[in-house]
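Need coordinates for the following:
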Amino acid sequence: MPETFLILKEYFGSILFLGSYVLSFAYLCVTEKKKEIRIALVYYPAMMLVLFLLPPVHKLVSAVMNDTAIYYRLLWLLPASLTIGYAGVKVISELKNKWIRIPAIVLCLCVLVGTGDYMYDNPYFSRAENRFHIPGAVQLICDAISIPGREVRAAFPPHQVMFVRQYDPTILMPYGRNIQIDGWDKFPEQYGFYEAMSQPTIDCKTVAEYAVETGTQYVIVHMYQPLEGTFEEFGYQAVANVDDYVIYCSTGSELFSLW
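As a prediction, this is how the structure comes out:
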């Protein structure tokens, strides 16, 4: 099977979701009379899917983007959910008997529930703790180390890096979310520091050396994270405990005097 078909299959995930879209699309092809609706939900998706599934297009887009892993994002332009919703409403609205319409609505709702997935089963999703939709610990740590009018540089635990700059773009990091996706291949200069912060037991000497080399003023670790040695031995002093995390600041930085 061509790779583009495999990408399409993985994108839809559930065969029920894919089947619902195919049936909805076919139904609109036959019954929809409004030109603007046909353009948006029939002609445009059909053209896009044909182009998406062509291997030469896959190779061209991947070459231009210099990345094969993001080709699936083109499917974000496919109005799959909109098509299913519109087709479902259209079918139900055309039913004249209310005793048939009610079971049809229940059936549609069951299909919607069946095609979904419980998102919190995914380790990369968690319930929102605040209006920023980021972990509360990240918000509190950022508030503790940020300085109005200037940038600071901090090394966060790997599981927090994807949230930091969503909340405060003035906090720079020696490694970011991209290192978790592309790894050594694209960011070799960041990988050593990231790996050192990802170990079950953190080697304070190694982390401190990377921090000094990259001009990182703060190192944040969980208070129950096993450490080999102490950061104090290598020029980083604990200055605050925030929500079970310890903030270490370089004693050679001008920021240390602010504490």
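
Helix, strand or coil: sort out residue 193 for me.
Classification of residue 193 by DSSP: H, G, I helix; E, B strand; the rest coil places it in helix.

Ignoring the adjacent residues along the chain, who's closest to it?
Distances taken as C-beta to C-beta, 6 or more residues apart in numbering put residue 210 closest to residue 193, at 4.0 Å, once the chain neighbours are dropped. Every C-beta, even on glycine, is put in place using the N, C-alpha and C of the backbone.

Would you check that the one you found makes contact with residue 191?
No: in this structure residue 210 lies outside contact range of residue 191 using C-beta atoms under 8 Å: 10.5 Å.

Tell me which of those two has more neighbours.
Comparing residue 210 with residue 191 by other C-beta atoms under 10 Å, the one with more neighbours is residue 210, at 21 against 17.

Relative to residue 132, how far out is the more buried one?
29 Å (C-beta to C-beta, to the nearest Å).

ok, now which ones touch residue 116?
Going by C-beta atoms under 8 Å, 6 or more residues apart in numbering, residue 116 touches residue 14.

Would you list the phi and psi of the residue nearest to residue 193?
phi -60, psi -40 (degrees, to the nearest 10).

Report pLDDT for it.
Looking at residue 210, its pLDDT stands at 95.

tell me the contacts of it?
So residue 210 contacts 155, 174, 192-193, 196, 216 (C-beta under 8 Å, 6+ apart).

How is this structure partitioned into domains?
What automatic domain parsing lists as the domains of the chain is 3-117, 136-258.

any residues touching stretch 32-44, and which ones?
Residues contacting stretch 32-44 (C-beta under 8 Å, 6+ apart): 25, 28-29, 79, 82-83, 86, 90.

if you set the cut-off to 10 Å instead, what comes out?
24-26, 28-30, 45, 77-80, 82-83, 86-87, 90 (C-beta atoms under 10 Å, 6 or more residues apart in numbering).

Now do the helices in this structure.
Ranges of helices in the chain, per DSSP state H, are 3-12, 15-31, 35-38, 44-53, 55-65, 80-93, 98-115, 136-145, 161-167, 177-182, 188-198, 204-213.

Could you measure from the residue of the chain most remote from its centre over to residue 225?
Checked against the mean C-alpha position of the chain, the extreme residue using C-alpha atoms, centre = their mean is residue 97, at a distance of 44.8 Å. Distance of residue 97 to residue 225, computed by C-beta to C-beta: 64 Å.

Mind listing what's buried along stretch 211-221?
211, 214, 216-221 (16 or more other C-beta atoms under 10 Å).

so of the residues you listed, which ones are in strands?
Of those, the ones assigned to strands by DSSP state E are 218-221.

and which of these is nearest to residue 61?
For residue 61, the nearest member of these is residue 220. The distance, counting by C-beta to C-beta, is 38.3 Å.

Correct me if wrong: residue 145 contacts residue 217.
Yes: under the criterion of C-beta atoms under 10 Å, residue 145 makes contact with residue 217 at 8.2 Å.

So, low pLDDT: which residues of this protein?
1, 67-68, 123-124, 180-187 (pLDDT under 70).

follow-up on the earlier one: which neighbours do residue 210 and residue 191 have in common?
residue 175.

what's the distance between the nearest residue to residue 156 once chain neighbours are set aside and residue 85?
Of all residues not flanking residue 156 in the chain, residue 220 sits nearest, at 5.2 Å (C-beta to C-beta, 6+ apart). Residue 220 is 44 Å from residue 85, where distance means C-beta to C-beta.

who's in contact with the residue lying closest to residue 237 once chain neighbours are set aside?
Spatially, and ignoring its direct neighbours in sequence, residue 237 is nearest to residue 251 (5.2 Å; C-beta to C-beta, 6+ apart). Contact partners of residue 251, counting by C-beta under 10 Å, 6+ apart, are 231-232, 234-237, 239, 257.

Understood, closing this out.
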